[in-house]
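K.L.:
model the following, please.
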Amino acid sequence: MKEFILLCLIFILVYTYLEIHDSSKNDSPTVPKQKKDLRMTYVIPGDDSWRFIVMADIHSMGWFSWKKSYLNRFEENYQKQLAVVRHIKQNYGGELVAMPGDAASYGPLSLTKIIELVGGNHSPSTAVYIAGFNAFTTARAIFKDAGYDTILATVGDHELGGNEGFKHNGMKDTKLGTIPSARQAFGDGFNRDTDNKFLFDQPWFDDVGSRPLGTIYENTSFAYIHKNTLFVTVDAFELVGDGTQDYIDLKHGLGGKGAVACTVDGEHLAWFDNVLRKGRDDPSIKHMIVQAHQPIIQPVRKISTTGQFFDRGEESEFWALMNTYGVDIYFAGEAHANTVTKTRNEGSNLIQIVSRGNYYNNFLTVDIRDDIINVRIHNEIGSKKSWNGQYEEAGHLIIDKTSSYNTNISSSGLLKVLDLNAPLLFFHFDEILPLGKRQVLGFHGDDSLIANEVTIRNELCTKSMPNLGGFGAQYDAQVGNIALVQGWDGGGAGYFTRESRMALSSTGPFSAGEAISFGLWIKTDQSDRKMVLVHHGNYWGKMLYADQKDHFTLSLDKGIPSIRTRPGTKVTIESRNITDNQWHHIAVSMPRNSCLVSELEIYIDGESIDIKITTKDHNLFHTTTGRMSIGGFGYSNSGFESAYPNLKPYIGLLDDFYLFGRPLNIDEDFSGFSPV
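P.N.:
Prediction:
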């Protein structure tokens, strides 16, 4: 009897403890309880499995840069974010969190505004340090309160001043001059404890250094081992020269973001080399993972970003070292979208994963075994624009190294490996959907996660044209006033009028000096009209021709195909009027990266056409903040109407638009101009 009573008491105590600590009772009201998804498991089978989380570009920690009384919202925002992070910890686990940059968003603010918000009579450098230190220590506290003790955080452009803050305006009392203070704040806030001890020094690195001591990166670049995996976190932002002039190399497609370039070289690169070599040679290290902020392989999907990129990309020494030493995954952010690509280096299985984490609406779980890496993406669902706190699995990637002969890679959904040779965009004009039928990440309503209407150039649009190319639904076009009629091959075509709109809310795919090519069918009789066919132009700030960056506009000028890249720079064909109310195919190709405008290739009905160029020739460097549209100027800056007052929306039929992220092989890509 005594034993029975004792067992009952134990049962009551255990039940009470579990009730008190029930995770669902700790959820904030802003995070609804979620029905368990049986497809999601904390780990893949095996005793050696463990998990970590990846969150790129959270952008929400800037709220904590200012004194707590600012707008009286410090505690409110703290609890709001804590509820979401705690929900993720309780439902998805994870032993550590990797952050590939831009946790905070205060960086792009002006120095005057930062000094004002920090309060007190501080110098610019001191104010920037205080703002950063406040944000990063608070970020670490939120994740620690949620149950994540280890945060591997990467410097992003917003942490260092970002966007226009990298522009040269003279070093004294400018954002450029505060970069050292911003970098110090990041290192002190994320990577040191209250006793100022660096958090990630480990004995394993004694002969190579866990960080590049003696360089400006010694507090923001570091290596760390967790169980069977080597993580290398890299600060890849470098001030070019003495910072007294902006840096852009049109010939090679480098720079373009003020006086700051994205690269790793010198002693910093030598340290990286030594760490990876040691990791490869240690049999206890089963996987190597590197993270920095900028994408290396291009193109990538992008959403509302300045589109900064790693100079020289796959030709860089940094990328070559990762291939040489067998790095498994390179994580990046910056793009605010999800793209998975595989290295083109033969003999290497290196995967680049660019992911989105904005305000916690996406994150990755990565399950690790000695012979398998399993990555899942979790996408926010719910009715609100943000902070729904509910997720569904939206894709997976498995790197299977169980075979001694080869590595098997499988993928699906938002983590499907992108085919870099296939079309990125393909609009077939066979179907128009209600807007919101397919989610375009980042395309929100005023207070809804998915928009069902948008106004483009004064026209209300409630429809969507599905993108059948590799960039998928992220690059669906928002459309209005387009009727479907019979196309050139008997299928559908779009009938465009003055009021028709077709535009993509996602950024790119044109970017810097990267080669692009595209083709489309048209049929029109508007021989006295200048009309936009395809346009890519910046949607932030002014028209960027003053910064030596190009828009790209294909038009019909009274029947003659023409290309404009800057006001005053125009390419036309010798004379070929195609406004005869018959179907014609136009294709445009950059034959190489950063080609001259005069090297552009134009094909009409499969025939290569001679071109002529007005004004001085130059190497193409596409704006990295552009959006693309068909038949008009779309979402791009309103300054385009002022610059080109005679260019009007297209009137006529349009069919089968393809776009590739590479030069065009017209025989291969268009197969006699039929869909592939």
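K.L.:
for Glu238, give its distance to Gly508.
P.N.:
For Glu238, the distance to Gly508 (Cβ to Cβ, to the nearest Å) stands at 24 Å. Where C-beta positions appear, they are placed from N, C-alpha and C, glycine not excepted.
K.L.:
neighbour-wise, which of the two wins?
P.N.:
The neighbour count for Glu238 versus Gly508, taken as other Cβ atoms under 10 Å, is higher for Gly508 (32 against 18).
K.L.:
quick one, strands of the stretch 101-250 of the chain?
P.N.:
Ranges of strands within the stretch 101-250 of the chain are 151-153, 222-226, 229-233, 237-239, 248-249, based on DSSP state E, counting those that start in this stretch.
K.L.:
also the stretch 351-500 of the chain?
P.N.:
With DSSP E, counting those that start in this stretch as the criterion, the stretch 351-500 of the chain has strands spanning 351-354, 362-368, 372-381, 390-400, 408-413, 425-427, 433-434, 454-456, 459-461, 463-465, 477-480, 483-486, 492-496.
K.L.:
mind putting those strands into a markdown table with distance to Lys616?
P.N.:
Converted to a markdown table, the strands of the stretch 351-500 of the chain look like this (distance: least, Cβ to Cβ, whole Å):
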| stretch | distance to Lys616 |
| --- | --- |
| strand 351-354 | 36 |
| strand 362-368 | 44 |
| strand 372-381 | 46 |
| strand 390-400 | 46 |
| strand 408-413 | 45 |
| strand 425-427 | 31 |
| strand 433-434 | 45 |
| strand 454-456 | 34 |
| strand 459-461 | 37 |
| strand 463-465 | 37 |
| strand 477-480 | 34 |
| strand 483-486 | 42 |
| strand 492-496 | 34 |
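K.L.:
and Phe318, which of those strands is closest to it?
P.N.:
For Phe318, the closest of the strands of the stretch 351-500 of the chain is strand 351-354, at 12.2 Å, according to Cβ to Cβ.
K.L.:
for this protein, what helix or strand is lowest in average pLDDT?
P.N.:
helix 23-26 (a mean of 34; mean pLDDT, DSSP states H and E).
K.L.:
before we move on, back to that, turn the strands of the stretch 351-500 of the chain into CSV, columns for mean neighbour count.
P.N.:
Shown next, in CSV, are these (neighbours: other Cβ atoms under 10 Å):
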stretch, mean neighbour count
strand 351-354, 25
strand 362-368, 24
strand 372-381, 22
strand 390-400, 18
strand 408-413, 14
strand 425-427, 23
strand 433-434, 12
strand 454-456, 18
strand 459-461, 16
strand 463-465, 22
strand 477-480, 25
strand 483-486, 13
strand 492-496, 22
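K.L.:
relative to Glu159, which of the ones you listed is closest?
P.N.:
strand 351-354 (17.9 Å).
K.L.:
describe which strands that closest one pairs with in its sheet and in which direction.
P.N.:
Strand pairing for strand 351-354, using DSSP bridges, gives strand 329-332 (parallel), strand 339-342 (antiparallel).
K.L.:
which residues are contacting the lengthiest helix in the chain?
P.N.:
When the chain is parsed with DSSP state H, its longest helix is helix 124-146. Contacts of helix 124-146 with the rest of the structure, by Cβ atoms under 8 Å, 6 or more residues apart in numbering, involve 61-66, 78, 81-82, 85-86, 88-89, 97, 103-104, 106, 111, 114-115, 117-118, 122, 151, 153, 159, 161, 173-174, 177-178, 180-182, 184-186, 188-190.
K.L.:
so where's the stretch 151-300 of the chain shaky on pLDDT?
P.N.:
Residues of the stretch 151-300 of the chain meeting the criterion pLDDT under 70: 164, 169-173.
K.L.:
tell me where it has helices.
P.N.:
157-160, 179-191, 266-281 (DSSP state H, counting those that start in this stretch).
K.L.:
how about the CA coordinates for the longest one, as CSV?
P.N.:
C-alpha atoms of helix 266-281 as CSV (Å, rounded to 0.1, in the frame of the first residue of the first chain):
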residue,chain,number,x,y,z
GLY,A,266,45.7,38.8,-47.8
GLU,A,267,46.2,37.5,-44.3
HIS,A,268,42.4,37.0,-43.9
LEU,A,269,42.4,34.6,-46.9
ALA,A,270,45.6,32.9,-45.6
TRP,A,271,43.9,32.2,-42.2
PHE,A,272,40.8,30.8,-44.0
ASP,A,273,43.1,28.5,-46.1
ASN,A,274,44.8,27.2,-42.9
VAL,A,275,41.5,26.5,-41.1
LEU,A,276,40.0,24.6,-44.0
ARG,A,277,43.2,22.6,-44.5
LYS,A,278,43.2,21.5,-40.9
GLY,A,279,39.5,20.7,-41.1
ARG,A,280,40.0,18.5,-44.1
ASP,A,281,42.9,16.6,-42.6
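K.L.:
what comes up buried for it?
P.N.:
268-269, 271-276, 278-279 (16 or more other Cβ atoms under 10 Å).
K.L.:
next, count neighbours for Pro203.
P.N.:
6.
K.L.:
scratch that, Asn228 is what I was asking about
P.N.:
14.
K.L.:
with Arg564 instead?
P.N.:
26.
K.L.:
next: Asp430.
P.N.:
16.
K.L.:
check Phe64 too.
P.N.:
If we define neighbours as other Cβ under 10 Å, then Phe64 has 24 of them.
K.L.:
for it, give me its contacts.
P.N.:
74, 77-78, 134-135, 138-139.
K.L.:
quick one: the nearest residue to it once chain neighbours are set aside from Gly161, how far?
P.N.:
In this structure, Phe64 finds its nearest non-sequential neighbour in Thr138, 3.7 Å apart by Cβ to Cβ, 6 or more residues apart in numbering. Thr138 sits at a distance of 20 Å from Gly161 (criterion: Cβ to Cβ).
K.L.:
higher neighbour count, those two?
P.N.:
Gly161 (28 against 21).
K.L.:
OK, contacts around the residue lying closest to Ile432 once chain neighbours are set aside?
P.N.:
Nearest non-adjacent residue to Ile432, counting by Cβ to Cβ, 6+ apart: Lys463, 4.9 Å away. By Cβ under 8 Å, 6+ apart, the contact set of Lys463 is 432-435, 478-480, 482.
K.L.:
what's the closest of those residues to Glu317?
P.N.:
Nearest to Glu317 among the contacts of Lys463 is Gln478, at 41.2 Å by Cβ to Cβ.
K.L.:
in the sheet, who's paired with the closest one?
P.N.:
Beta-bridge partners of Gln478, as defined by DSSP bridges: Ser464, Ala503.
K.L.:
and it, what is it in contact with?
P.N.:
435, 443, 454, 456, 461, 463-464, 501-505.
K.L.:
what about Pro180, distance to Tyr247?
P.N.:
18 Å.
K.L.:
and those two? Which one has more around it.
P.N.:
Higher neighbour count among Pro180 and Tyr247: Tyr247, with 20 against 14, using other Cβ under 10 Å.
K.L.:
ok, Glu514 touching Leu620?
P.N.:
No. Counting by Cβ atoms under 8 Å, no contact exists between Glu514 and Leu620, whose distance comes to 9.3 Å.
K.L.:
rewinding a little: which of the contacts of helix 124-146 count as buried?
P.N.:
61-66, 78, 81-82, 85-86, 88-89, 97, 103-104, 106, 111, 114-115, 117-118, 151, 153, 159, 161, 174, 177-178, 181-182, 184-186, 188-190.
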